[in-house]
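Peer 1: need coordinates for the below:
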Amino acid sequence: MALPRQMRVFYFALGLILVVGGVLIARQVSQGGQAASVGETLQVAPLTPIAPGALGHVLGSDSAPVEIVEFADFECPACARFAILQFPYVYERLIATGRVRWRFMDFPLQGHTNSPTAHLAAACADEQGKYFQMIDLIFNRQNDWAFESRPGRPIRDFARGIGLDLGRYDSCMETRRAQPMVDADYAEGERLGVNATPTFIVNGRMWPTVLDYDQIKAIVDSLAPVGGAPGAAAAPGRR
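Peer 2: The predicted structure is shown next:
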């Protein structure tokens, strides 16, 4: 027998409340589980603090409560995906707001034959204060140079595109005077046991997997909940 109209409306409304309530509860459980998960993961992660000294290239405030170190290889597809798809959100929402200081470390992997040229080129761009502008192009146009027999040619076009003094850039590439900076980053990665890219170290603890923006935000929220006064983002540079 068909239910009266009033009863049908009542049961429909009741069902809708149960569904919406279930979704909200599941979301809260999921978020709580994620926060617990990142906290537990950091607790058991190996303690691997970066050696003091002028290593890496830094974005963000010196007073940021969280420092994330990224060891990356320019020929690494996973590194390029992170740089293109995830890092813009990390910069806009976490670095520029003073919550995270990001330290990028050069780590050209053995077997990536074109990567050393790209890392040297970025170090030469750093001489003119344009390291991050250069690596943005290197990652976004990875296919333009990673498979070339002479990768220096397209990468030099990147140098021109970001307005480098090409005379200084060419001299740096030819003399390899910026190579010690790349080598120092790589040596530090070897000391810490880095063997893949990208590798992330969060406040001195090595994260076991590749991160995305949502995971990074959950980590930052667990280590430094919103509420304190954020510091202003510092200018990029090598520290």
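
Peer 1: contacts only, for Ser37.
Peer 2: Contacts of Ser37 were listed using C-beta atoms under 8 Å, 6 or more residues apart in numbering, and none were found. (Each C-beta comes from the backbone N, C-alpha and C, glycine too.)

Peer 1: can we see that at 10 Å?
Peer 2: Shown in contact with Ser37 (C-beta atoms under 10 Å, 6 or more residues apart in numbering): 215, 218-219, 222.

Peer 1: repeat that for Pro151.
Peer 2: Residues near Pro151 by C-beta under 10 Å, 6+ apart: 74-75, 113-118, 121, 138, 144-145.

Peer 1: domain-wise, how is the protein divided?
Peer 2: 1-44, 57-227 (automatic domain parsing).

Peer 1: hey, which of these is tucked in deepest?
Peer 2: When the domains of the chain are scored by mean count of other C-beta atoms under 10 Å, the highest mean neighbour count falls to domain 57-227 (a mean of 18).

Peer 1: tell me where the protein has helices.
Peer 2: 5-44, 77-81, 87-90, 115-126, 131-140, 142-145, 152-161, 166-175, 179-192, 213-223 (DSSP state H).

Peer 1: centroid-nearest residue for the chain?
Peer 2: The centroid of the chain falls nearest to Phe87 when counting by C-alpha atoms, centre = their mean (5.2 Å).

Peer 1: from Phe132, how far off is that one?
Peer 2: Per C-beta to C-beta, to the nearest Å, Phe87 is found 10 Å from Phe132.

Peer 1: mutual contacts of these two, please.
Peer 2: Common contacts of Phe87 and Phe132 (C-beta under 10 Å, 6+ apart): 59, 102, 104.

Peer 1: closest to Glu70 among the residues you listed?
Peer 2: Ranked by distance to Glu70 (C-beta to C-beta), the shared contacts of Phe87 and Phe132 are led by Phe104 at 5.4 Å.

Peer 1: any idea what the nearest residue to that closest one once chain neighbours are set aside is bridged to?
Peer 2: Spatial nearest neighbour of Phe104, excluding adjacent residues (C-beta to C-beta, 6 or more residues apart in numbering): His57 at 4.7 Å. Beta-bridge pairing for His57 (DSSP bridges): Phe104, Arg238.

Peer 1: now the domains of the chain as JSON lines including distance to Ile50?
Peer 2: Formatted as JSON lines, those follow (distance: least, C-beta to C-beta, whole Å):
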{"stretch": "domain 1-44", "distance to Ile50": "16"}
{"stretch": "domain 57-227", "distance to Ile50": "6"}
